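> Turn this into a structure:
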Amino acid sequence: MQSLWDATATPAFTLPELMGKVRAEVVIVGGGYTGLSAALHLCESGVDVVVLDAAELGEGASGRNGGQVIPGVKHDPDALEEMFGARLGTQLVETVASGPDLVFELIAKYQIDCEATRGGWIQAATSASALAAMHDRVEQWRRRAAPVQLLDRQQVSRLIGSERYCGGWLDARGGTVQPRSYQSGLAQVVRRLGGRIYTRSAAVKLERSGGQWRVRTPRGQVSAATAVLATNAYSGELVDAVRRSVVAVPSFQVATEPLPQALRQTIMPQRQAVSDTWPLLRYFRLSADGRLVMGSRGSFSSTSLASAARHHYRAVQEIFPQLRNVRYEYHWGGLVAMTSDHLPHLHELGPGLLAGLGYNGRGVAMATVMGRLLARRIQGVPIGELGFPATPLRAIPLHRFSQFGVRLAIEYLQCLAGLARVRERIAGRRPAA
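This is a model prediction of the structure:
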């Protein structure tokens, strides 16, 4: 399955495999947004950095996500302040809200060619209860001077090009990028600033000796005073407790053929990113060449492409009946790291050993921020001044059964979606998306 992003990314460049022994001040395991953002911010200050990736850049979540740049996290601002207290909670809200600003500032500063568009992010309401919750969410962000607005049925219909929603809200801070090109652009900046990146160089062993961390790969070794684990949903057994602190959940996307110009003028004409509150979350956008990209949860089981895509085809038809006869040209999937508290985590695992992961579907902005947080901490910024907590690493209980639990949850949400469709048919209405 080839992704749209691989097919349309800026021209790739060759990165070497690590051969032999090298030294650095910081070694970063993982070449996604977290690792590359950390490397970039460290290199800006002249720190000698080596980044290791197990595969080619783009084969993990950073090259395969929906490219939606969304501010904040799953929790609303008031909830974060209640969870972490007035001082840290307020700082945390500001930190997670700053994600899109950081992404688009880096793109502008370093002229990263990644089809960046900052038209905002819409969360579309599939029910009256979901819309009621949005009233409170919008008010919370307004109190913090965020550029947000509530949308009624007519407004959301005009902005999305669909009559399936009863309303929603627009956050003007959001936007979209070509995710593979954004990752490639970050890597190019790191190299220009003096950082070294090695691909096809899986970290197979991590050990500490003589005040140094040694990361072994199949054909080489990096020694550094500081090591960062930035592997997120693709964490292996290098530090097994890190892998067991998140659940890797499959996500799947499809992309249509380029839409006719007349349809492009009515379907998301202002190029916002959109996600909705349907029981099994759907997220969608237009690509730069006018394709509709639709994403939702994938499947843990090995299944045919047709079966994996069927849910997505149905979503497109329900939300955009005008696309009923559209052809689909790309299908792909990847993994999303979910945490038990739905928050990203920064961990200090030992002297000079840090980790950042767990973005719960908001990784473009939040992973970029996490990279900056890790870089600042490495450079000596006290935890109390980061604006983000460092939390103890806690493995999810019964982690070996977590995928089974997620599978059951997905099936349950699919049942809820089916019941919602039945209720709509009984009521004589078309199903709300």
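> Run through the stretch 101-250 of the chain and note the low-pLDDT ranges.
In the predicted model, the stretch 101-250 of the chain carries no residue with pLDDT under 70.
> residue boundaries of the strands in the stretch 301-433 of the chain?
Using DSSP state E, counting those that start in this stretch, the strands of the stretch 301-433 of the chain run over residues 328-338, 345-350, 353-357.
> Now stretch 113-126: buried residues?
For stretch 113-126, burial by neighbour count (16 or more other CB atoms under 10 Å) applies to 114-126. In short, each C-beta sits where N, CA and C put it, glycine included.
> oh sorry, the question was meant for stretch 83-93
Neighbour counts over stretch 83-93 (16+ other CB under 10 Å) mark 84, 88-93 as buried.
> go on, stretch 23-43?
Neighbour-count burial for stretch 23-43 flags 24, 26-43 (criterion: 16+ other CB under 10 Å).
> Stretch 236-251 now?
238-239, 242-251.
> Looking at those, which is nearest A9?
S251 (18.7 Å; CB to CB).
> Report the separation between that closest one and A230.
Distance from S251 to A230, counting by CB to CB, to the nearest Å: 19 Å.
> Could you do A39 as well?
Between A39 and A230 the distance, using CB to CB, works out to 9 Å.
> What of Q270?
34 Å.
> try V50
V50 is 13 Å from A230, by CB to CB.
> What is the burial count for K21?
Per other CB atoms under 10 Å, the neighbour tally for K21 reads 11.
> Confirm that it sits in a strand.
Yes: according to DSSP: H, G, I helix; E, B strand; the rest coil, K21 belongs to a strand.
> Contacts only, for it.
K21 makes contact with 220-223, according to CB atoms under 8 Å, 6 or more residues apart in numbering.
> again, only this time at 6 Å
Q221 (CB atoms under 6 Å, 6 or more residues apart in numbering).
> Likewise for the one 5 residues further on?
Going by CB under 6 Å, 6+ apart, V26 touches 42, 47, 49, 224, 226.
> and those, which are buried?
The buried subset of the contacts of V26 (16+ other CB under 10 Å) comprises 42, 47, 49, 224, 226.
> what comes into contact with the helix or strand containing the first one?
For L42, the enclosing helix or strand under DSSP states H and E is helix 33-44. Contacts of helix 33-44 from elsewhere in the structure, counted by CB under 6 Å, 6+ apart, are 26, 28, 49, 51, 62, 186-187, 189-190, 193-195, 228, 230, 356, 367-368, 370-372, 374-375.
> Run a quick neighbour tally on R314.
So R314, with other CB under 10 Å, has 15 neighbours.
> Return the residues in contact with it.
R314 neighbours (CB under 6 Å, 6+ apart): none.
> pLDDT score assigned to the residue nearest the centre of the chain?
The residue lying closest to the centre of the chain (CA atoms, centre = their mean) is G363, at 2.3 Å. Among the per-residue scores, G363 shows a pLDDT of 95.
> Same drill for Q270 and A230, tell me which one is more crowded.
The residue with more neighbours, out of Q270 and A230, is A230; 30 against 12, by other CB under 10 Å.
> for the more buried one, phi and psi?
Main-chain torsions, A230, degrees, to the nearest 10: phi -130, psi 50.
> before we move on, the earlier item: drop anything exposed from the contacts of helix 33-44.
For the contacts of helix 33-44, a burial check counting by 16+ other CB under 10 Å picks out 26, 28, 49, 51, 62, 186-187, 189-190, 193, 195, 228, 230, 356, 367-368, 370-372, 374-375.
> and these, which of them are in helices?
Per DSSP state H, helices hold the following members of those: 186-187, 189-190, 367-368, 370-372, 374-375.
> What segments of the stretch 1-150 of the chain are strands?
20-23, 26-29, 49-52, 68-69, 121-125, 148-151.
> Do you have the helices of the stretch 1-150 of the chain handy? List them.
In the stretch 1-150 of the chain, helices defined by DSSP state H, counting those that start in this stretch lie at 4-8, 33-44, 77-84, 86-97, 99-109, 128-143, listed in chain order.
> Go through these and name the closest to R394.
Closest of those to R394 is helix 77-84, at 15.6 Å (criterion: CB to CB).
> returning to what we had before: nearest to A172, of the buried ones among the contacts of V26?
L42 (31.1 Å).
> shared neighbours of A39 and A230, which are they?
Taking CB under 6 Å, 6+ apart as the contact rule, A39 and A230 both touch I28.
> How many neighbouring residues does L373 have?
Using other CB under 10 Å, L373 is surrounded by 24 other residues.
> how about it, what does it touch?
Contact partners of L373, counting by CB under 6 Å, 6+ apart, are 346, 386, 388.
> Now for A225, how many residues are close by?
By the criterion of other CB under 10 Å, A225 has 15 neighbours.
> any idea how far it lies from T217?
For A225 relative to T217 (CB to CB), the value is 19 Å.
> Just to check, I28 is in contact with V51?
Yes: with contact defined as CB atoms under 6 Å, I28 reaches V51; the gap is 4.7 Å.
> List the residues that contact the closest residue to A337 other than its chain neighbours.
Nearest non-adjacent residue to A337, counting by CB to CB, 6 or more residues apart in numbering: A233, 3.8 Å away. By CB under 6 Å, 6+ apart, the contact list for A233 reads 61, 248, 335-337.
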